[in-house]
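In: Pasted the sequence and its predicted model underneath.
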Amino acid sequence: MGRNNFDMMRTLFTACLATLAVCAPAAHAQLDLPNLSQRELRCQVNINEATENYVRSSFTIRRDCFNMEMSGALGLEVDCTVNVDENNSTGDPATDELLRRASARLQTTIAGACINSDLEILGFPGFCPFPEVGRAFDVFDLNGCLLDSSFDLVEFLLNYEQPEVEEVFSRPDRACRNTISEKSSRLFTGELTARQTCLMRQLKGRVPPTVDCRLEESDDDPGTGDSATDDAILSAHDSKLRALSGTCRIIYLNAVGFPNLCPSPEGNVYPLTALRECMFASHHFDMIRFLDVMNPLTSKCGNGELDFTEQCDDGDNITEPGKLCKFDCSINSNCGDPLGTGAITLGDALFILRASIGLESCDLALCDVNGSGYISVTDALLALKYVTELEVALNCPDPISLTCGNAVLDRFEQCDDGDVLWTIGEECNASCLRLDCGDANDSGELTVTDANIILSTASGLRGCDDTVCDVNGDGAITSTDSLIVLQISTGFDQPVNCPLF
């Protein structure tokens, strides 16, 4: 999968912390599962078990490395997070050897279990890189994908668990840091095991297809439809971080490196409650994405409905140039990069030029680099200037909803009235954004046209929502409201006070 696999979804953690409501999943939907042969079932079981074991081993080996580093047993030049291969080393030979053995066990297990299996039936390559044209995805590609994805995941989570060490820690400080890392990692692996067990039982026909092994109604209510899975998930949530209170209760967390990457509340002392919330959130929201890498056949990404790990879901697993929603249900929010390479290039500028004359389709959040509300030759020119390292400010508009009109309040939506039709004066526009008070034609500012619309509404000639046209908030739309907007449009400083939504 490569190092970019999980980097694409990092902002999800912060977004879900800020507004968990929009990360809520849709209702249960029955999976349409194929009948797998015993060979394919055996392959999938081994993929899941071997990868889980590899991740657990990686956490343990690297955590031991950090512990030795904190105790002064290793030099500070050691990097316990390095991806060990023939060219890279952590700096500690013993750690390197343990990681190589763990990698070998994973590859041997997958090769033995899947060498003659039809990986396409299992959904692969899925969220793994496609092989070059003319060659089928094979077990060697699968092993590479699982190793890369596992490393990306473990590295990301360890960056939260293990702030950079710059000194030798006391025994109580080391104990606190180790407990934070161990319990946080077990929270992740515990929930991963619970959901993978559910998926495997479902593929074997032991759990009905109406059960949604990925579903989560809330932190305290997984709601998968299978009580054993729900209990196991809640156990992973509840028990793993509880031990922090005992081990770290008297530890000054700032002295052992926190908040590190965690959100920092106001105050001079970083509280234990904030640490628990951060460890839960950071370890929780990447779990489904990792589950999808191993189990693409049952992934919900691409079904057109948002689940709690997705930034978008436009109904397929394809990344197309100019398309906001990527193949893994993450969003390409890199303004000026419609090709999705991660950097703005000459190819992006040419694509924007083609979009400006109607030869390509491109989302405004990617190609409207000057924020004008439409894509023009000017946007292509600005992108080209950026590529040539001239001083250019890119100002794409915020991404809009990709599920507007489904009557569910999703990410990037302020409202959703169940359709994408919009008429002048309606408070919820075709992008599922609310009109500003007085802006009846949704132009972005109050104009004479808005005043005329409000006057027509006051005369009974058209309709307009109170939240848009009752600008003085008196409960009725009258000529007074029209006059207020007219005065604002001609430069008078007048307050507006539409009813709340």
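Out: In hand now; what should we look at? Numbering: from 1, shown residues only.
In: what pLDDT does residue 30 get?
Out: Note on residue 30: pLDDT of 47.
In: could you point out where this protein is predicted with low confidence?
Out: Low-confidence segments of the chain, defined by pLDDT under 70, span residues 1-34, 219-220, 239-240, 308, 402-403, 411, 420.
In: Now the phi/psi pair for residue 391, please.
Out: Geometry field for residue 391 lists phi and psi as phi -70, psi 110, criterion degrees, to the nearest 10.
In: how close does it get to residue 366?
Out: Distance, residue 391 to residue 366, using Cβ to Cβ, to the nearest Å: 21 Å. No exception for glycine: its C-beta is placed from N, CA and C like everyone else's.
In: before we move on, what about residue 251?
Out: In terms of Cβ to Cβ, residue 251 sits 46 Å off from residue 366.
In: cool, residue 172 as well?
Out: From residue 172 over to residue 366 (counting by Cβ to Cβ), the distance is 50 Å.
In: Between these two, point out the one with more neighbours.
Out: Taking neighbours as other Cβ atoms under 10 Å, residue 172 and residue 366 compare with residue 366 leading, 30 against 13.
In: hang on, isn't the more buried one packed against residue 332?
Out: Yes: assessed by Cβ atoms under 8 Å, residue 366 is found in contact with residue 332 at 6.5 Å.
In: Quickly list what's touching both of the two.
Out: Shared contacts of residue 366 and residue 332, defined by Cβ atoms under 8 Å, 6 or more residues apart in numbering, are found at 324, 338.
In: residue contacts, residue 322?
Out: Under the criterion of Cβ under 8 Å, 6+ apart, the neighbours of residue 322 are 338, 351, 355, 360-363, 366-367.
In: which of these tops the neighbour count?
Out: Neighbour tally across those (other Cβ under 10 Å): the maximum, 32 neighbours, falls on residue 338.
In: ok now do that one, which residues does it touch?
Out: Residue 338 is in contact with 321-322, 332, 348, 351-352, 355, 362-363, 366-367, counting by Cβ under 8 Å, 6+ apart.
In: and if you look at residue 178?
Out: Counting by Cβ under 8 Å, 6+ apart, residue 178 has contacts 63, 66-67.
In: what about it, distance to residue 54?
Out: Distance, residue 178 to residue 54, using Cβ to Cβ: 21 Å.
In: Ok, residue 99 next?
Out: Counting by Cβ to Cβ, the separation of residue 99 from residue 54 is 10 Å.
In: For the chain, just list every one of the strands.
Out: Taking DSSP state E as the criterion, the chain contains no strands.
In: count of neighbours near the nearest residue to residue 476 once chain neighbours are set aside?
Out: Nearest residue to residue 476, sequence neighbours excluded (Cβ to Cβ, 6 or more residues apart in numbering): residue 470, at 6.7 Å. Look at residue 470: counted by other Cβ under 10 Å, it has 24 neighbours.
In: Just the ones in helices from the contacts of residue 338, please.
Out: 348, 351-352, 355, 366-367 (DSSP state H).
In: Grab the two from the residues you listed that are most spread out in space.
Out: 348 and 355 (10.4 Å; Cβ to Cβ).
In: residues in contact with residue 377?
Out: With Cβ under 8 Å, 6+ apart, residue 377 has these contacts: 353, 356-357.
In: And it, how close does it get to residue 346?
Out: Per Cβ to Cβ, residue 377 is found 16 Å from residue 346.
In: Rebuild the contacts of residue 377 as CSV, extending it with neighbour count and distance to residue 281.
Out: Shown next, in CSV, are the contacts of residue 377 (neighbours: other Cβ atoms under 10 Å; distance: Cβ to Cβ, whole Å):
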residue, neighbour count, distance to residue 281
353, 20, 41
356, 20, 40
357, 11, 44
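In: List just the nearest of the residues you listed to residue 86.
Out: Nearest member of those to residue 86, counting by Cβ to Cβ, is residue 353, at 43.6 Å.
In: Run through the residues that contact that closest one.
Out: Residue 353 neighbours (Cβ under 8 Å, 6+ apart): 377, 380.
In: can you offset everything so residue one is 46?
Out: Understood, numbering begins at 46; the last thing we discussed is residue 398.
In: what's around the closest residue in space to residue 94 that isn't next to it in sequence, how many residues?
Out: With sequence-adjacent residues excluded and distances taken as Cβ to Cβ, 6+ apart, residue 94 is closest to residue 154, at 7.9 Å. Residues within reach of residue 154, counting by other Cβ under 10 Å, total 18.
In: do residue 117 as well
Out: Residue 117 has 12 neighbours, counted by other Cβ under 10 Å.
In: hang on, it packs against residue 213?
Out: Yes: with contact taken as Cβ under 8 Å, residue 117 and residue 213 are classed as touching, separated by 4.1 Å.
In: Could you pull up phi and psi at the nearest residue to residue 115 once chain neighbours are set aside?
Out: The shortest distance from residue 115 to any non-neighbouring residue, by Cβ to Cβ, 6+ apart, is to residue 214 (4.4 Å). Main-chain dihedrals, residue 214, degrees, to the nearest 10: phi -100, psi 150.
In: what sits against residue 214?
Out: Here residue 214 is in contact with 115-116, 222, 301 (Cβ under 8 Å, 6+ apart).
In: Which of the residues you listed has the largest number of neighbours?
Out: For the contacts of residue 214, the largest number of neighbours (other Cβ under 10 Å) sits with residue 222, at 26 neighbours.
In: That one and residue 214, how far apart?
Out: 7 Å.
In: what touches both of these two?
Out: What both residue 222 and residue 214 touch, as defined by Cβ under 8 Å, 6+ apart, is the set 115, 301.
In: ok, residue 118 to residue 147 distance?
Out: 21 Å.
In: try residue 485
Out: 63 Å.
In: What of residue 471?
Out: Residue 471 sits 58 Å away from residue 147, going by Cβ to Cβ.
In: cool, and residue 327?
Out: From residue 327 to residue 147 the distance is 23 Å (Cβ to Cβ).
In: right, and residue 375 touches residue 354 too?
Out: No: Residue 375 lies out of contact with residue 354 (Cβ under 8 Å); the separation is 9.5 Å.
In: between these two, which one's more packed in?
Out: Higher neighbour count among residue 375 and residue 354: residue 354, with 27 against 24, using other Cβ under 10 Å.
In: Pretty sure the more buried one sits against residue 334.
Out: Yes: counting by Cβ under 8 Å, residue 354 does reach residue 334; the two are 5.6 Å apart.
In: Count the neighbours of residue 97 for me.
Out: Counted with other Cβ under 10 Å, residues neighbouring residue 97 total 18.
In: repeat for residue 476
Out: Residue 476 has 18 neighbours, counted by other Cβ under 10 Å.
In: which residues does the nearest residue to it once chain neighbours are set aside contact?
Out: In space, and not counting its chain neighbours, residue 476 is closest to residue 445: 4.5 Å by Cβ to Cβ, 6+ apart. By Cβ under 8 Å, 6+ apart, the contact set of residue 445 is 408-410, 457, 476-478.
In: now swap in residue 232 and tell me
Out: Counting by Cβ under 8 Å, 6+ apart, residue 232 touches 281-282, 285-286, 324-325, 328-329.
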